[in-house]
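Colleague: Output the structure for:
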Amino acid sequence: MALNENKRIQDFPASVSGPMQHPLHLSASDIMVDSATPAKRKRGKSLSRRTGQDGHIEKSGRWYVVRYWKDIAGQEKRQHVRERICPISGPGSLSRSERKRKAKEIIQSSGVDTAEHFTTVVKPNPTGVLFRDQAEVWLQNSQNRKRNPIGNSYAVTIQGALDKWILPVIGDVPLGSVDNLTVKPLIDKMSAAGLSARTISKYVEFVQQTVASLKGVNGEPVHKRVWDAETMDLPVVEHSKQKRPSLKADPISELIRGSSCQEQALYVLLAATGMRISEALALETKHFINNGRTIMVEQQVEKDTPRIVLHLKTNAAKREIDLHPDIAEYLRKYITGRTGLLFSHSKWDALSSQQTGRPLAHSQTHKNGAGAERHGLACIQAIPQNMVAWTTLSGGHQ
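Modeller: Okay, here's the model as predicted:
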């Protein structure tokens with residue numbers, strides 16, 4: 001028995017010494033685990049890894065052309081484009097060294113390797129471009145563009161909406177992050193403040209136009225959005241419930257009887273025609289045709305500045321207005337002996353809407369409430385044309 005035990009002991013490997021371990025238990029030194037190899041992530045485009053292109057010169061028909069890579073807005077892959085260098089033979093042909101030099105000039109002039117092109121096309125929304133920055137650019141471009149520029153008065157309205165409502169909420173948000181969910185808190189804030197559904201919708205349009213105003217080199221918006229009213233919880237505009245403050249016949253008649261000269265003529269004109277105050281202040285004697293029976297509306301006075309511009313609020317605003325015979329006769333007497341503007345100061349400057357709106361607002365505040373005061377003379381235009389038959393000094397407004 002002792003011999004067999006000794007034999008079994010001698011059969012163990014020589015490397016085992018000391019107390020015998022359990023055959024299923026492995027010490028930490030015996031465990032070797034290979035380090036996990038992470039999946040190789042695709043690196044994004046980087047200008048620092050680009051050393052510049054020399055291009056590839058080749059023949060194409062009767063021309064030498066240079067082919068090079070160009071980033072395209074909205075596309076992950078670059079496009080292989082080509083430009084002509086020179087004819088292969090004949091007039092205008094170049095030597096090999098000249099072709100290489102001109103090819104490099106073509107690539108450089110295209111700007112494909114510049115930081116400006118990379119920032120604009122490849123990564124057009126760096127963290128430094130905030131909504132407030134693009135809003136300023138959009139508003140300036142809207143005033144300076146050749147196609148349908150907005151007027152100064154409308155620009156003032158937009159700037160006021162931006163400063164009071166929009167920028168405090170999303171002004172510091174990166175432009176590329178402005179979407180339906182970003183705009184929803186802004187809508188909630190305006191709704192809680194009591195703004196009308198139409199006003200909220202208009203201010204949201206300003207946000208949408210700002211986001212769409214950043215264009216790539218191909219002229220298309222960089223940040224394309226599918227705006228969803230349901231996601232934003234945008235209030236529904238019910239036109240039947242929109243506020244249309246207007247003055248009634250008796251206050252207008254009282255106003256006309258209590259005024260004189262050009263102020264009285266202005267009130268009569270507004271009540272009888274429904275013209276906008278900015279249109280009426282820009283009227284000249286030449287705009288009365290058909291023996292004074294018809295008014296041509298072609299221009300207006302800008303808000304806050306006594307300057308006449310040759311565009312109106314809308315395309316439909318350019319029109320001809322037929323006057324009631326009594327109104328035409330009254331205005332004809334007022335126009336007699338006058339030239340140029342109908343309503344002016346001693347310096348012959350156009351009256352501003354603020355100057356003319358003040359007496360009306362003051363006289364009608366007690367009878368018509370804050371709505372009439374806020375709208376000033378412009379509230380007269382809200383009276384339907386068919387309800388304004390004629391206005392005279394004695395009979396008033398009917």
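
Colleague: wait, G340 sits on H287?
Modeller: No: using CB atoms under 8 Å, G340 is not in contact with H287; the gap is 10.9 Å. Backbone N, C-alpha and C define where each C-beta goes, glycine included.

Colleague: So what would you say the end-to-end distance of stretch 248-264 is?
Modeller: 17 Å (CA to CA, to the nearest Å).

Colleague: quick revisit: which one's more surrounded, G340 and H287?
Modeller: H287 (17 against 10; other CB atoms under 10 Å).

Colleague: Could I get the contacting residues of the more buried one?
Modeller: Residues near H287 by CB atoms under 8 Å, 6 or more residues apart in numbering: I295, M296, V297, E298.

Colleague: where do the helices sit along the stretch 151-300 of the chain?
Modeller: For the stretch 151-300 of the chain, the helices defined by DSSP state H, counting those that start in this stretch cover 152-161, 167-170, 180-192, 197-212, 229-232, 249-257, 261-273, 277-280.

Colleague: Between the ones you listed, which one is closest to R96.
Modeller: Taking CB to CB, helix 197-212 is the member of the helices of the stretch 151-300 of the chain nearest to R96, at 48.2 Å.

Colleague: buried set for the closest one?
Modeller: A197, T199, I200, S201, Y203, V204, F206, V207, T210, V211, A212 (16 or more other CB atoms under 10 Å).

Colleague: How about the fourth one: what's its closest non-neighbour residue?
Modeller: In space, S201 comes closest to V237 once its chain neighbours are excluded; the distance is 5.7 Å by CB to CB, 6 or more residues apart in numbering.

Colleague: Now do the same contact list for V129.
Modeller: Applying CB under 8 Å, 6+ apart to V129 gives the contacts P174, L175, G176, L214.

Colleague: Among those, name the buried ones.
Modeller: With burial judged by 16+ other CB under 10 Å, the buried subset of those is P174, L175, G176, L214.

Colleague: which of those residues lies closest to N315?
Modeller: Closest approach between those and N315, by CB to CB: L214, at 27.9 Å.

Colleague: Now do that closest one against K70, distance only.
Modeller: L214 sits 20 Å away from K70, going by CB to CB, to the nearest Å.

Colleague: Output the below-cut-off pLDDT ranges for this protein.
Modeller: Applying pLDDT under 70 to the chain flags residues 1-49, 73-75, 115-128, 241-247, 304-306, 345-398.

Colleague: In the record's domain split, what are the boundaries for it?
Modeller: Domain segmentation of the chain under automatic domain parsing yields 54-122, 131-241, 249-397.

Colleague: How many residues are close by the residue nearest to T273 when sequence neighbours are not counted?
Modeller: For T273, ignoring the flanking residues on the chain, the nearest one in space by CB to CB, 6+ apart is I321 at 5.1 Å. Residues lying near I321 (other CB under 10 Å) number 17.

Colleague: Surely I321 is within a strand?
Modeller: Yes: applying DSSP: H, G, I helix; E, B strand; the rest coil, one finds I321 inside a strand.

Colleague: distance of it from A249?
Modeller: Counting by CB to CB, the gap from I321 to A249 is 20 Å.

Colleague: cool, H56 as well?
Modeller: H56 is 82 Å from A249, where distance means CB to CB.

Colleague: Next: L94.
Modeller: 85 Å.

Colleague: follow-up on the earlier one: so of the helices of the stretch 151-300 of the chain, which one's packed in deepest?
Modeller: When the helices of the stretch 151-300 of the chain are scored by mean count of other CB atoms under 10 Å, the highest mean neighbour count falls to helix 277-280 (a mean of 25).

Colleague: what helices or strands is that one leaning on?
Modeller: Applying 3 or more CB pairs under 8 Å, 6 or more residues apart in numbering; DSSP states H and E, one finds that helix 277-280 contacts helix 261-273, strand 300-301, helix 353-375.

Colleague: try 10 Å this time
Modeller: Secondary-structure packing of helix 277-280 (3 or more CB pairs under 10 Å, 6 or more residues apart in numbering; DSSP states H and E): helix 261-273, strand 294-297, strand 300-301, helix 353-375.

Colleague: about what we covered before: who wins on neighbours among the contacts of H287?
Modeller: I295 (23 neighbours).

Colleague: Excluding covalently adjacent residues, which one is nearest to it?
Modeller: Residue nearest to I295 in three dimensions, not counting chain neighbours: I321, with 4.5 Å by CB to CB, 6+ apart.

Colleague: which residues sit in contact with that neighbour?
Modeller: The contact partners of I321, by CB atoms under 10 Å, 6 or more residues apart in numbering, come to 269, 272-275, 279, 287, 293-297, 385.

Colleague: how about the strands in the protein?
Modeller: In the chain, the segments counted as strands under DSSP state E are 56-60, 63-70, 79-87, 288-289, 294-297, 300-301, 308-309, 319-322, 391-392, 396-397.

Colleague: Name every strand pairing with the fourth one and say which way it goes.
Modeller: Read it as strand 288-289. Taking DSSP bridges as the criterion, strand 288-289 sits next to strand 294-297 (antiparallel) in its sheet.

Colleague: Name the residues that touch the partner strand?
Modeller: When contacts are defined by CB under 10 Å, 6+ apart, strand 294-297 is touched by residues 269, 273, 275-276, 279-280, 282-284, 286-290, 312, 317-323, 328, 331.

Colleague: Return the members of the residues you listed classed as buried.
Modeller: Using 16+ other CB under 10 Å, the buried ones in those are 269, 273, 275-276, 279-280, 282-284, 287-288, 312, 321, 323, 328, 331.

Colleague: Closest to R78 out of those?
Modeller: Of all the buried ones among the contacts of strand 294-297, R78 sits closest to L312, with 48.1 Å by CB to CB.

Colleague: isn't that closest one right next to V301, touching?
Modeller: No: if you go by CB atoms under 10 Å, L312 and V301 don't touch, sitting 11.1 Å apart.

Colleague: Need the overlap of contacts for these two.
Modeller: With contacts defined as CB under 10 Å, 6+ apart, the residues adjacent to both L312 and V301 are R276, S278, E279, A282.

Colleague: what sits against Y203?
Modeller: Neighbour list for Y203: I158, A161, L162, K164, W165, I166, V183, L186, I187, M190, L195 [criterion: CB under 10 Å, 6+ apart].
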